[in-house]
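Asks: coordinates only, no sequence provided:
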């Protein structure tokens, strides 16, 4: 299980079930559970990498 914690009230947990990847996103008292197939999880990884790369490139842009 992988647990990412940001502040005291926000947590993202990732765990492997039998044939699914389970992502649990907790914020204060709210909790969302998402179950992904391996292919869906790989697709999500790719989309996150692209979004982060785009964000980093935007950070390097200077607007005059």
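Replies: Thanks, I have the structure now. Here the structure is a predicted model, which means the values were calculated and not measured.
Asks: would you state the helices of this protein in chain order?
Replies: Per DSSP state H, the chain carries helices over the ranges 38-60.
Asks: just name the shakiest helix or strand of it by mean pLDDT.
Replies: Sorting the helices and strands of the chain by mean pLDDT, DSSP states H and E puts strand 2-6 at the bottom, at a mean of 73.
Asks: for that strand, which strands pair with it and how are they oriented?
Replies: strand 10-16 (antiparallel) (DSSP bridges).
Asks: contacts for the strand it pairs with, please.
Replies: Contact with strand 10-16 is made by 1-5, 21-28, as judged by Cβ atoms under 8 Å, 6 or more residues apart in numbering. Where C-beta positions appear, they are placed from N, C-alpha and C, glycine not excepted.
Asks: will you turn the residues you listed into CSV that also has neighbour count and distance to residue 44?
Replies: CSV is the format used below for these (neighbours: other Cβ atoms under 10 Å; distance: Cβ to Cβ, whole Å):
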residue, neighbour count, distance to residue 44
1, 8, 17
2, 9, 14
3, 11, 17
4, 10, 14
5, 11, 20
21, 18, 9
22, 15, 13
23, 17, 8
24, 16, 14
25, 15, 13
26, 16, 18
27, 13, 19
28, 9, 24
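Asks: just give me the closest of those residues to residue 42.
Replies: Nearest to residue 42 among the contacts of strand 10-16: residue 21, at 9.4 Å, using Cβ to Cβ.
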